[in-house]
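In: The following block contains a protein sequence and its predicted model.
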Amino acid sequence: MPTKKPFALRIDERMMKAVEKWAADEFRSTNGQLEWIIHEALKKAGRLPKGE
C-alpha cells in the first residue's frame, strides 16, 4: 500500500460544504472523498501511473 503524504488544502467554504455532503451521501470520510475525486480526475486524464 502506498504511503500517504499529508498536506494543507485551502478551499472555498461553500465548495468544502458540498464535498462534505457528497462524502456523507457516499458513506465516505471527507478526506476519502477528496482522494476519490482526485483519483477519478487523474484516471480520466490518463495521468495515473501504469498499473493503477
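Out: In hand now; what should we look at?
In: tally of neighbours for residue 19?
Out: Look at residue 19: counted by other C-beta atoms under 10 Å, it has 16 neighbours. The way it works is simple: take the backbone N, C-alpha and C, and place the C-beta from them, glycine included.
In: Can you give me every residue that contacts it?
Out: In this structure, residue 19 makes contact with 11, 30, 33, 34, 37, judged by C-beta atoms under 8 Å, 6 or more residues apart in numbering.
In: And the helices in this protein?
Out: Per DSSP state H, the chain has helices spanning 13-25, 30-44. These are given in chain order.
In: The shortest one vs helix 30-44, what angle?
Out: Looking back up the chat, that one is helix 13-25. With axes from the mean of the first three to the mean of the last three C-alpha atoms, to 10 degrees as the basis, helix 13-25 and helix 30-44 are set at 90 degrees to each other.
In: Start at 469, not 1
Out: With the count now opening at 469, the last piece we talked about shows up as helix 481-493.
In: Pull helix 481-493 out as PDB, backbone CA atoms only.
Out: Extracted in PDB, the C-alpha atoms of helix 481-493 (Å, rounded to 0.1, in the frame of the first residue of the first chain):
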ATOM      1  CA  GLU A 481     -16.100  27.200   2.300                       C
ATOM      2  CA  ARG A 482     -19.100  26.500   0.000                       C
ATOM      3  CA  MET A 483     -17.100  24.100  -2.000                       C
ATOM      4  CA  MET A 484     -16.000  22.300   1.100                       C
ATOM      5  CA  LYS A 485     -19.600  22.000   2.400                       C
ATOM      6  CA  ALA A 486     -20.500  20.500  -1.000                       C
ATOM      7  CA  VAL A 487     -17.700  17.900  -0.700                       C
ATOM      8  CA  GLU A 488     -18.700  17.100   2.900                       C
ATOM      9  CA  LYS A 489     -22.300  16.500   1.800                       C
ATOM     10  CA  TRP A 490     -21.200  14.400  -1.200                       C
ATOM     11  CA  ALA A 491     -18.900  12.400   1.100                       C
ATOM     12  CA  ALA A 492     -21.800  11.700   3.600                       C
ATOM     13  CA  ASP A 493     -24.000  10.700   0.700                       C
END
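In: And the contacts of residue 487, which of them are buried?
Out: Neighbour counting over these (16 or more other C-beta atoms under 10 Å) leaves 501, 502 as the buried ones.
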